[in-house]
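S.K.: Need the 3D shape of this:
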Amino acid sequence: MPTDFVTLLRRDHHDLQHELTQLLDPDTGIADLRSALDGVRLGLIAHAEAEDIVLGRLERVGPLQVVLAQARAAHLAQEGTLSALVRARPQTQQWRDRAHHLRELVEYHAVQEEKYLLPALRQHAPVETYSQLAGLFATERMRQLAMLQPSAPMQIPDFHLQMRAC
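M.R.: Predicted structure coming up:
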């Protein structure tokens with residue numbers, strides 16, 4: 001059985017939650033911390049862009065306009081919080097607060113999509129379009145990931161120098 005759009009969205013949200021939880025684990029080492037932060041950054045941007053592009057095709061469907069605008073606004077809020085997190089010094093209280101806030105935004109967004117967006121799509125999207133959403137989303141997400149660059153590797157001494165400079 002092919003993967004459906006709902007499964008892809010849930011997987012993205014779950015993966016983001018997992019990476020954000022790892023960021024908040026005080027026992028996470030520097031290498032794992034950088035990897036998790038990069039996973040959040042790449043995953044969030046690719047997910048938001050792919051969802052916006054694929055679902056943007058449906059924004060002229062009257063009953064979907066509000067839920068699509070809410071999803072877009074949620075992604076913008078998440079991206080703004082991610083930007084603030086990336087600028088904060090790792091493992092400080094400010095950094096933890098921003099990571100908690102981002103995790104809350106992602107969780108709230110996932111709940112809102114389950115409660116409002118997905119039922120609205122099932123009810124109002126043209127049947128042929130709804131059946132194609134998974135393939136379109138997966139393809140666009142991969143295209144977005146291909147355009148993104150992971151963070152440059154940072155040597156541990158460089159990380160400590162950066163920590164002292166902050």
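S.K.: Residue 60 in helix, strand or coil?
M.R.: Assigned state for residue 60: coil (three-state reduction, DSSP: H, G, I helix; E, B strand; the rest coil).
S.K.: how deep is it tucked in, by neighbour count?
M.R.: Residues lying near residue 60 (other Cβ atoms under 10 Å) number 8. Yep, even glycine has a C-beta here, placed from its N, CA and C like the rest.
S.K.: swap in the one 10 residues further on?
M.R.: The tally of other residues near residue 70 (other Cβ under 10 Å) stands at 15.
S.K.: same question, the one 5 residues further on
M.R.: Other residues lying near residue 75 total 20 when counted by other Cβ under 10 Å.
S.K.: Confirm for me that it is in contact with residue 45.
M.R.: No: under the criterion of Cβ atoms under 8 Å, residue 75 makes no contact with residue 45, lying 9.2 Å away.
S.K.: Contact partners for the residue nearest the centre of the chain?
M.R.: Closest residue to the average C-alpha location of the chain: residue 44 at 2.3 Å, with Cα atoms, centre = their mean. Listed by Cβ atoms under 8 Å, 6 or more residues apart in numbering, the contact set of residue 44 reads 16, 78, 79, 82, 106.
S.K.: Let me know the secondary structure of it.
M.R.: helix.
S.K.: what packs against the helix or strand where residue 119 lies?
M.R.: Taking DSSP states H and E as the criterion, residue 119 maps to helix 118-124. Of the remaining helices and strands, those touching helix 118-124 by 3 or more Cβ pairs under 8 Å, 6 or more residues apart in numbering; DSSP states H and E are helix 5-24, helix 127-147.
S.K.: Comparing these, which comes out most buried?
M.R.: helix 5-24 (a mean of 18; mean count of other Cβ atoms under 10 Å).
S.K.: quick one: that helix to chain centroid distance?
M.R.: Counting by Cα atoms, centre = their mean, to the nearest Å, helix 5-24 is centred 8 Å from the centre of its parent chain.
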